[in-house]
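Novice: Structure here, sequence nowhere to be found:
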């Protein structure tokens, strides 16, 4: 999921075109609600670190899949594209999930807009599982741990937005906060606005 993404399977009428970091949550919601009309295709989750790759990949995938489905729904928020993803979706006539990023729609976009977490570093279930692959190693901290405070010195807290009640993930997130030298805060968000977005897709 991190490097290769996921190709669609099934014979659904609607294609969910999503970030690989959301695959687990989307599949859980689809199974729980028996949304068999939804097929899922994921772009590589590592695009989380390279937002400039998202819009070209979305455009290419929509062009390749558009005639295979009645509708395509993009399960990305803006995700660092500076409004370019929304503009591309508007141009292509397809809908996408609203919000600036997944931390916002997991919290609930309205609730997130009221928070004052400017010095917080966020984790989700996925990023907790994949922290070393997505954060620690790409920043070179496995080789140069002395750079930790250079990267994270302006943060004061690590906020773990928990989609599930998993003690092992909570413990891992707390350990990550300790490695980063940050105060640990856990917020159980569940799936937030993601569930409603998929229900209307």
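Specialist: Structure's in. What do you need? Note that the structure is a prediction, hence the values are computed from the model and not measured.
Novice: OK, contacts around residue 123?
Specialist: With contacts taken as Cβ atoms under 8 Å, 6 or more residues apart in numbering, residue 123 has the following neighbours: 131, 158-161, 173, 176. In short, each C-beta sits where N, CA and C put it, glycine included.
Novice: Would you reformat those as TSV and include pLDDT and neighbour count?
Specialist: Supplementary listing: these in TSV, determined by pLDDT from 0 to 100; neighbours: other Cβ atoms under 10 Å:
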residue	pLDDT	neighbour count
131	95	18
158	97	24
159	96	22
160	97	24
161	95	24
173	98	26
176	97	21
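Novice: Helices along this protein, start to end?
Specialist: For the chain, the helices defined by DSSP state H cover 23-33, 54-65, 84-92, 102-107, 109-113, 125-129, 131, 148-152, 167-180, 193-199.
Novice: and those, which is most packed in?
Specialist: Scoring the helices of the chain by mean neighbour count under mean count of other Cβ atoms under 10 Å gives helix 102-107 as the most buried, with a mean of 24.
Novice: If we only consider the contacts of residue 123, which is nearest to residue 71?
Specialist: Of all the contacts of residue 123, the one with the least separation from residue 71 (Cβ to Cβ) is residue 161, at 28.6 Å.
Novice: May I have the beta-bridge partners of the closest one?
Specialist: Listed beta-bridge partners, residue 161: residue 187 (assigned using DSSP bridges).
Novice: gap between the residue sitting furthest away from the middle of the chain and residue 49?
Specialist: If you look at how far each residue of the chain sits from its centre, by Cα atoms, centre = their mean, the farthest one is residue 146, at 28.6 Å. Computed as Cβ to Cβ, to the nearest Å, the residue 146 to residue 49 distance reads 22 Å.
Novice: now do residue 67
Specialist: Counting by Cβ to Cβ - residue 67 and residue 49 are separated by 32 Å.
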